[in-house]
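Novice: Predicted model, plus sequence, below.
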Amino acid sequence: NAGVTQTPKFQVLKTGQSMTLQCAQDMNHEYMSWYRQDPGMGLRLIHYSVGAGITDQGEVPNGYNVSRSTTEDFPLRLLSAAPSQTSVYFCASSYGTSQGTQYFGPGTRLTVL
Amino acid sequence: GQQVMQIPQYQHVQEGEDFTTYCNSSTTLSNIQWYKQRPGGHPVFLIQLVKSGEVKKQKRLTFQFGEAKKNSSLHITATQTTDVGTYFCAGGGSQGNLIFGKGTKLSVKP
């Protein structure tokens, strides 16, 4: 199993550009989530999904959209990038509920100029 | 909302010294999980504790869950350079969510 994969690993955007961070898992996990990690702030939940077709907002959802058309994929869209969105983004999945063991992807390092 | 406070934020130790990080919640947690993130890496699951007063060991690592299920600790005996990284706790909240602490960054001087 590949586990949780994320692409790209690195990305530089200009303010106002849009892009999609890809996340996929091959473990048939129902629960998937996106976190951003900033120095001193820990992991903050952006959006999550409890299954295909179901998404919900986390702690810091503004400026991001998600969709879950399949169990495997959970892309994160930045609508109009801002410098405040410079961060490391992690996708995670777990079997069953949000309180199960989280399997994290390798992360995407995003810089917005 | 519910928060899980983790201390200290940073810890610098000499190789061979012990290390402890603590997590505290003002409300009862359904479970506590611990993760390790190596520099430049992603968080990796270490362990989950569910029962009140539970203690689990993994080689030099000892994990405890408090009697009231509001606090937890991770203790590393005789640290090694391979222990370097950030250790996160994550508590199961009352709304079915998982609440991450902000992490303790451990550095080990050889």
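Specialist: That came in fine, so what should we check first?

Novice: Point me to the helix or strand that includes the residue of chain B found nearest chain A.
Specialist: Closest contact between chain B and chain A, by Cβ to the nearest Cβ, is at residue B:102 (3.5 Å). Where you see a C-beta, it was placed from the backbone N, CA and C, and this is true even at glycine. Following DSSP states H and E, one finds residue B:102 outside all helices and strands.

Novice: ok, which stretches of the chain are strands?
Specialist: Just going to use chain A. Applying DSSP state E to chain A gives strands spanning A:4-7, A:10-13, A:19-25, A:31-38, A:42-51, A:54-57, A:64-66, A:76-78, A:87-94, A:103-104, A:108-112.

Novice: Please refer instead to chain B.
Specialist: Remark: strands assigned in chain B by DSSP E are B:4-7, B:10-14, B:19-25, B:32-37, B:44-49, B:55-58, B:61-65, B:71-76, B:85-92, B:98-100, B:104-109.

Novice: Run through the bridge partners of the residue nearest the centre of chain A.
Specialist: In chain A, the residue lying closest to the centroid (Cα atoms, centre = their mean) is residue A:34, at 3.0 Å. According to DSSP bridges, the partner residues bridging residue A:34 are residue A:47, residue A:91.

Novice: in terms of contact, does it touch residue A:49 like I think?
Specialist: No: Residue A:34 is beyond contact range of residue A:49, at 9.1 Å (criterion: Cβ atoms under 8 Å).

Novice: which residues are in contact with both of these two?
Specialist: When contacts are counted by Cβ atoms under 8 Å, 6 or more residues apart in numbering or on different chains, the set common to residue A:34 and residue A:49 consists of A:66, A:74.

Novice: picking that back up, where among the strands of chain B is average confidence lowest?
Specialist: Lowest mean pLDDT within the strands of chain B: strand B:98-100, a mean of 93.

Novice: Next up, the contacts around residue A:71.
Specialist: So residue A:71 contacts A:28, A:29, A:30, A:51, A:52 (Cβ under 8 Å, 6+ apart).

Novice: Report the spatially nearest residue to the residue most central in space within chain B, omitting neighbours in sequence.
Specialist: Central residue of chain B (Cα atoms, centre = their mean): residue B:89, 4.3 Å from the mean position. Nearest in space to residue B:89, with sequence neighbours left out and distances taken as Cβ to Cβ, 6 or more residues apart in numbering or on different chains, is residue B:23 at 3.8 Å.

Novice: Tell me how many other residues surround the closest residue in space to residue B:66 that isn't next to it in sequence.
Specialist: Nearest residue to residue B:66 in three dimensions, chain neighbours excluded: residue B:72, at 6.4 Å (Cβ to Cβ, 6+ apart). Residue B:72 has 27 neighbours, counted by other Cβ atoms under 10 Å in any protein chain shown.

Novice: Then residue B:76?
Specialist: By the other Cβ under 10 Å criterion, the neighbourhood of residue B:76 contains 22 residues.

Novice: What number of residues are in the vicinity of the spatially closest residue to it that is not a sequence neighbour?
Specialist: Spatially, and ignoring its direct neighbours in sequence, residue B:76 is nearest to residue B:19 (4.5 Å; Cβ to Cβ, 6+ apart). Using other Cβ under 10 Å, residue B:19 has 21 neighbouring residues.

Novice: so the residue nearest to the centre of chain B sits right up against residue B:102, yeah?
Specialist: No: judged on Cβ under 8 Å, residue B:89 makes no contact with residue B:102 at a distance of 9.6 Å.

Novice: show me what contacts residue A:48?
Specialist: Here residue A:48 is in contact with A:31, A:32, A:33, A:34, A:55, A:56, A:58, A:98 (Cβ under 8 Å, 6+ apart).
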